[in-house]
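Student: Only the shape, not the letters, is given here:
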């Protein structure tokens, strides 16, 4: 092979100096570069490998950054980042003080819009295109690259619906690989499959019927065909839609064959593709598996139990129930609003509905939580996975707002278990029948009990709603923790030479509060510290401050948690240290009393 071309490409202007016949070599080098770094540094792999040719073609044909390019979600934007002045920094991807794993406006002029959650690209690109028209810049191109899982979301349809009645210079590129994180689902997926297989009559094209100039489907790995079509579309005004077929994980055999696992595989061998297996013996279970296995066990005994997840069956571990009871467990696609209201509808008919949505994604269904569930006081059981700091995915994915945005809703019970036993017991308690909706939030990662499944699964105790637990009695200060961050408190106390001054209370219920215990605490202690894995503005600590104010208590209260800023990427440990809620910071703090 001739000299490495990628090492001389610092930006798209350099890329455009090459002859078109050199681009397949660039594609191979770009794939190798992504594989070599992600193999060691971890990150999202399959999505970026699948769009290497498309990425090169877009920057080769269009005048980025003047022409605006938006990657929906952004899992697939690694190649884009490498070609846009970040090749030398790419090894810092998703690390503390490094570059973000997602496109981010403050990071590069080539990142036209910050993304992380799905289905925003069409609306954003349309907004930019309409603004360009108003400014008289009718030659500028606005391109949204969106996957077949993301385009099935309601927001994407809203964008398409509006765009079709405008003269906006908008190009929507459907990156159709039949998978998001898990395989795509739903009627739209079946429609796209029919189009790909040539089984859909040409006149029966739903995109054309929305007034888009439709072309495709074309092979997204034939770089010459992609460039030819992009150049043709470049000359056409108005809303355009290009259907591109790609293979997620293209260029790495294992990633093509196991697309779910290689979405974000962790560390792997760059040459063979083999994932470095982390030993899992004698490790506590993942909280998602505690949820999934407990729900399956409960569903075997309670035929009214239903499971719902918006496109996260593997990540939420609802897959256990989906495999065992396919008629009672539903992946509704990337549709959080629909998931919440579907759950509400089922609850009106007496079903016991567990609606599992990542904390950061429930933000997208907030109106439905209020309007369709809480106002009607329907006992939907929301299970918020990935609550708190999630690590390397950064600001778009930290589930730190839920305590604040849920506790203000009337009728809502808000609960955060301290460990696996508390999680399984609240799931058990909720399915016995509650008079209100409940939100149960738990973190990404592992619990604390190594033999949980063998020793505890299926052995349930009913939890008293609104009750706190005194874990340790002390003389001078009361530490009130909510959720699994309480384990940091326990560890910090254990490391202290003398912890006789420290009392520790687990307050799993942010709502309703254990007011009787709080009255006792405020009567006994002049110093109170609250700690939560959520924002301090409006969260658990705020609840305690409100209680103190209302009851005229004068104890000194310190609230620990996530500060009033968007926390960037890093390991959970690094981010806890930054927020001063890690074990060491707590030990130092407690030792001052």
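Tutor: Perfect, thanks for sending it. Small disclaimer: the values here were computed from a predicted structure and weren't measured.

Student: Any regions of this protein where pLDDT drops low?
Tutor: Within the chain, the segments meeting pLDDT under 70 span 1-2, 202.

Student: for it, longest helix please?
Tutor: As assigned by DSSP state H, the longest helix anywhere in the chain is helix 23-41.

Student: who's in contact with it?
Tutor: For helix 23-41, the surrounding residues in contact (CB atoms under 8 Å, 6 or more residues apart in numbering) are 1-2, 4-6, 9, 15, 18, 43-45, 48-49, 52-53, 55-57, 60, 78-79, 82-83, 87, 90-91, 93-95, 223, 227, 250-252, 267-270. To be clear about C-beta, it is placed using only N, CA and C from the backbone, and glycine gets the same treatment.

Student: Could you pull out the helices in the stretch 251-400 of the chain for me?
Tutor: Secondary structure of the stretch 251-400 of the chain (DSSP state H, counting those that start in this stretch): helices located at 253-257, 287-301, 313-316, 319-324, 336-348, 359-362, 366-368.

Student: which parts of the first one are buried?
Tutor: Neighbour-count burial for helix 253-257, with 16 or more other CB atoms under 10 Å as criterion, is recorded at 254-256.

Student: Correct me if wrong, but residue 218 is in a strand.
Tutor: Yes - when DSSP: H, G, I helix; E, B strand; the rest coil is applied, residue 218 is found to be in a strand.

Student: Specify the beta-bridge partners of it.
Tutor: Counting by DSSP bridges, residue 218 forms beta bridges with residue 244.

Student: so what's it up against?
Tutor: Residue 218 makes contacts with 225-226, 229, 242-245, as judged by CB under 8 Å, 6+ apart.

Student: Name the SS class of residue 115, please.
Tutor: Assigned with three-state DSSP, residue 115 falls in the coil class.

Student: Not counting its neighbours along the chain, what's nearest it?
Tutor: Setting aside the residues directly before and after it, residue 115 is nearest to residue 74 in space (CB to CB, 6 or more residues apart in numbering), at 4.3 Å.

Student: where's the one you found, which helix or strand?
Tutor: Under the criterion DSSP states H and E, no helix or strand holds residue 74.

Student: Same question for stretch 295-314: list its buried residues.
Tutor: In stretch 295-314, the ones that count as buried by 16+ other CB under 10 Å are 295-299, 305-314.

Student: so how far is that stretch from its chain's centroid?
Tutor: The chain centre lies 20 Å from the centre of stretch 295-314; the measure is CA atoms, centre = their mean, to the nearest Å.

Student: which of the helices of the stretch 251-400 of the chain sits most buried?
Tutor: Comparing the helices of the stretch 251-400 of the chain by mean neighbour count (mean count of other CB atoms under 10 Å), helix 359-362 ranks first with a mean of 26.

Student: beta partners of residue 528?
Tutor: Judged by DSSP bridges, the bridge partners of residue 528 are residue 478, residue 557.

Student: What number of residues are in the vicinity of it?
Tutor: 24 (other CB atoms under 10 Å).

Student: Kindly report the same for the one 3 residues further on.
Tutor: Applying other CB under 10 Å, we find 28 residues neighbouring residue 531.
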